[in-house]
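>>> For reference, the sequence and a predicted model appear below.
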Amino acid sequence: MQRQEMRRLGVYRYESAPTREGQMRIRVAVLSVVVCALAVAVSSPASGRSTPSAPPNACPPGSTNTDYCQIVPGQYCKGLSKKKIPGQKKSPFAQCTSAMAKLKKNPDLTASRACSGLKKTKNAKARPSARKAYVACVKAGHRLKHDLANSGG
């Protein structure tokens, strides 16, 4: 064949068929790709198999330590910003997590009282964002109190 005909057919590098060693390398490469694809397909949850999922605060089987099974305070404050608001000493997330810890220790404390430090700021431009963080913290506090009431602890 002429070079032009080979290029037209899509053959650019080889002017002759690959050697036996080259054929083996190609087979090994293709086989490894297929095996990897099958392994990913079998192990992915989208393969049609559903594994039973435990609730986020479920204890591992055989565990007797109930402290291990409780949700950490930061889980309730997930949506809050981790950047500090001007005029405040801590980020809204940090203030919210400390408020959740206070609520967990003292069940008589209200959520708005625990989060009261969030709405105080010295910077007038930051007041709307501080107010928004305060409202989110109070909502998180109500969720924590609800969960504590339902769990009996």
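Okay, I see it. Numbers count the residues shown, from 1 in each chain.
>>> show me what contacts Ala114?
Applying C-beta atoms under 8 Å, 6 or more residues apart in numbering, we find Ala114 in contact with Ala99, Met100, Lys102, Leu103, Cys137, Gly141. Placement of C-beta: from N, CA and C, glycine included.
>>> any idea how far Lys132 is from the third one?
If you measure Lys102 against Lys132 using C-beta to C-beta, to the nearest Å, the figure is 21 Å.
>>> same deal with Ala37?
Counting by C-beta to C-beta, the gap from Ala37 to Lys132 is 47 Å.
>>> neighbour count winner among the two?
Lys132 (16 against 10; other C-beta atoms under 10 Å).
>>> Can you say which helix or strand has the more buried one in it?
Per DSSP states H and E, Lys132 falls inside helix 127-151.
>>> list the helices and strands that helix packs on?
Counting contacts by 3 or more C-beta pairs under 8 Å, 6 or more residues apart in numbering; DSSP states H and E, helix 127-151 is packed against helix 92-105, helix 111-114.
>>> So which of the ones you listed is nearest Ile85?
Between Ile85 and these, the shortest gap by C-beta to C-beta is with helix 92-105, which sits at 6.4 Å.
>>> for that closest one, which positions count as buried?
For helix 92-105, burial by neighbour count (16 or more other C-beta atoms under 10 Å) applies to Pro92, Phe93, Ala94, Gln95, Cys96, Thr97, Ser98, Ala99, Met100, Lys102, Leu103, Lys104.
>>> How about the secondary structure of the spatially most central residue of the chain?
Against the mean C-alpha coordinate of the chain, by C-alpha atoms, centre = their mean, the closest residue is Lys78 at 10.0 Å. With DSSP: H, G, I helix; E, B strand; the rest coil as the basis, Lys78 sits in coil.
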